[in-house]
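J.: Please work out how this folds:
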Amino acid sequence: MSKQQPVTIRDRTGIPIADSCEKQGKLLAWLYGSSIGQNALRILTKPLVSDVVGELLEHPLSTAAIPFFVKSKQIPMQDYLPEKYRSFNAFFTRTARPGARPVNQSPELLVSPCDAKLTVLPITEELRFTVKGTEYALPRFLGCKKLANRFAGGWCMVFRLTPDDYHRYCYPDDARVGTTRYIEGMLHTVNPVSSDYVKVYHENTRTITMLCTEHFGHMLQIEVGAMLVGRIVNHPHTPEVKRGEEKGYFAFGGSTVVLLAEADMIAPDAQILKNSEEHCETIVRYGEPIASSLSHT
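T.: Purely as a prediction, here's the structure:
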């Protein structure tokens with residue numbers, strides 16, 4: 001396995017921002033790099049453990065952790081509807097105020113489905129993409145080589161959510177919704193440190209939805225669970241959905257949304273692409289533009 005590249009997060013103008021996973025790095029390096037830690041991970045990455053943690057975070061006493069979490073993660077609570085939360089998980093899956101996450105409606109612009117740290121990656125003709133120095137095989141990620149072949153030469157957009165992010169996600173364009181496939185897996189952390197030791201996107205639990213979009217061809221939207229995220233909650237939907245319509249949410253923890261675009265359909269934002277080429281993530285928000293349609297250029 002190839003060595004992980006140093007991780008930096010930059011905003012779209014290229015200004016360095018402190019890496020949100022830096023403080024966790026030493027603990028995760030111990031967990032993934034030591035025999036004792038690896039034995040612990042065999043338990044921690046099981047979905048059953050995340051289910052138990054999820055039940056604890058549904059208890060009313062869990063609300064005691066909310067003030068500390070808000071302060072330590074510097075969460076701008078003015079962005080969210082005021083309410084008295086019944087549990088920590090109710091707080092974690094809170095809803096944004098109307099207008100706090102405006103969705104760009106320009107038809108030629110693809111929007112981010114969530115708040116996240118974004119990396120845009122080319123998919124090679126050999127159906128591979130590289131996240132932080134670790135190479136992944138698209139057929140294994142999707143569980144289907146025939147489906148993977150549709151996206152050869154296209155783009156893979158990896159949206160890494162951390163606990164401070166808004167954990168609801170939307171559809172990136174008007175679309176007809178195809179089949180959603182669920183792949184049972186483990187629940188490794190999506191912190192980049194883990195990619196030194198395990199191919200997270202091959203192993204983690206994930207849901208895969210085909211979208212026939214109005215302006216960007218066929219796309220796949222994939223939700224990837226992570227350690228202590230026992231639930232990927234996708235809402236029931238009509239056959240046709242609208243850009244910005246909420247698709248679902250993640251329960252507690254870090255997690256990832258991945259968008260796959262076919263070849264010759266989109267042009268990623270130039271600064272996001274530059275940051276990605278320099279092994280940097282770009283902070284993006286739910287509903288803001290991240291790419292343009294090649295049919296409009």
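J.: Tell me how many other residues surround A270.
T.: Residues lying near A270 (other CB atoms under 10 Å) number 10. C-beta: built from backbone N, CA, C; applies to glycine.
J.: got the contact list for T207?
T.: For T207, the contact set (CB atoms under 8 Å, 6 or more residues apart in numbering) comprises 180-183, 222-223, 232, 234.
J.: Now for the protein, the helix or strand with the poorest mean pLDDT.
T.: helix 25-33 (a mean of 45; mean pLDDT, DSSP states H and E).
J.: follow-up on the earlier one: buried ones among the contacts of T207?
T.: 181, 183, 222-223, 232, 234 (16 or more other CB atoms under 10 Å).
J.: State the pair within those that is farthest apart.
T.: The largest separation in the buried ones among the contacts of T207, counting by CB to CB, is between I183 and N234 at 13.6 Å.
J.: The helix or strand hosting R176 - contacts with which helices or strands?
T.: Per DSSP states H and E: R176 is located in strand 175-183. Applying 3 or more CB pairs under 8 Å, 6 or more residues apart in numbering; DSSP states H and E, one finds that strand 175-183 contacts strand 206-213, strand 240-241.
J.: And the next helix or strand past the shortest one?
T.: What it means is strand 240-241. Note on strand 240-241: by DSSP H and E, the next helix or strand toward the C-terminus is strand 246-250.
J.: Also the longest one?
T.: Where DSSP H and E defines the elements, the next helix or strand beyond strand 206-213 is strand 218-224.
J.: Quick check: which ranges of the stretch 101-250 of the chain have low pLDDT?
T.: Low-confidence segments of the stretch 101-250 of the chain (pLDDT under 70): 131-134, 185-204, 226-230.
J.: picking up where we left off before, mind listing the strands the strand holding R176 pairs with, and their directions?
T.: strand 206-213 (antiparallel), strand 240-241 (antiparallel) (DSSP bridges).
J.: who touches it?
T.: With CB under 8 Å, 6+ apart, strand 175-183 has contacts from 143, 205-214, 219, 234, 237-241.
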